[in-house]
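Asks: I would like the atomic coordinates for the input below:
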Amino acid sequence: MYAIVDIAGQQFKVQKDQKIYVHRLEGEEGAKVSFDKVLLVDNEGAIKIGSPSIENAMVSATILGHVKGDKVIIFKKKRRKGYKLKRGHRQQFTQIHVEEIVA
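Replies: Down below sits the predicted model:
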């Protein structure tokens, strides 16, 4: 059984007991979160598609921790002008553990 769920503006394909990284969520480590924007549920071949989401369907998960992603280097240069700019960015992520999919 899997579901496609909208979490913080992105769509993820999740299964039970799966660990995924999503954009930073509010909440402490160990807190329970639930997502009710379930777009699709596949239960051994029986597929339910929502328009836009399935009513009374939800995915519950636990927050495992907050981490930072790999550093992305942004380098800008204009040749022969003496202009160079180097900046970096590390995206904030939250690791969650999917516990249950309710269809």
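
Asks: kindly state the beta-bridge partners for the residue most central in space within the chain.
Replies: In the chain, the centroid-proximal residue (Cα atoms, centre = their mean) is Val22; its distance is 2.8 Å. Beta-bridge pairing for Val22 (DSSP bridges): Thr94.

Asks: quick check: it touching Val98?
Replies: No - with contact defined as Cβ atoms under 8 Å, Val22 does not reach Val98; the gap is 10.6 Å. (C-beta placed from N, C-alpha, C; glycine too.)

Asks: dump the residue contacts of the nearest residue to Glu28 once chain neighbours are set aside.
Replies: Excluding the flanking residues, the one nearest Glu28 by Cβ to Cβ, 6 or more residues apart in numbering is Ile63, at 7.0 Å. Residues in contact with Ile63 (Cβ atoms under 8 Å, 6 or more residues apart in numbering) are Leu25, Gly27, Glu28, Glu29, Gly30, Ala31, Lys32, Val33, Thr94, Gln95, Ile96.

Asks: what kind of secondary structure is the residue of the chain positioned farthest from its centre in?
Replies: Within the chain, the residue lying farthest from the chain centre (Cα atoms, centre = their mean) is Arg80, at 42.6 Å. With DSSP: H, G, I helix; E, B strand; the rest coil as the basis, Arg80 sits in coil.

Asks: so for it, what pLDDT did the model give?
Replies: Reported pLDDT at Arg80 in the predicted model: 98.
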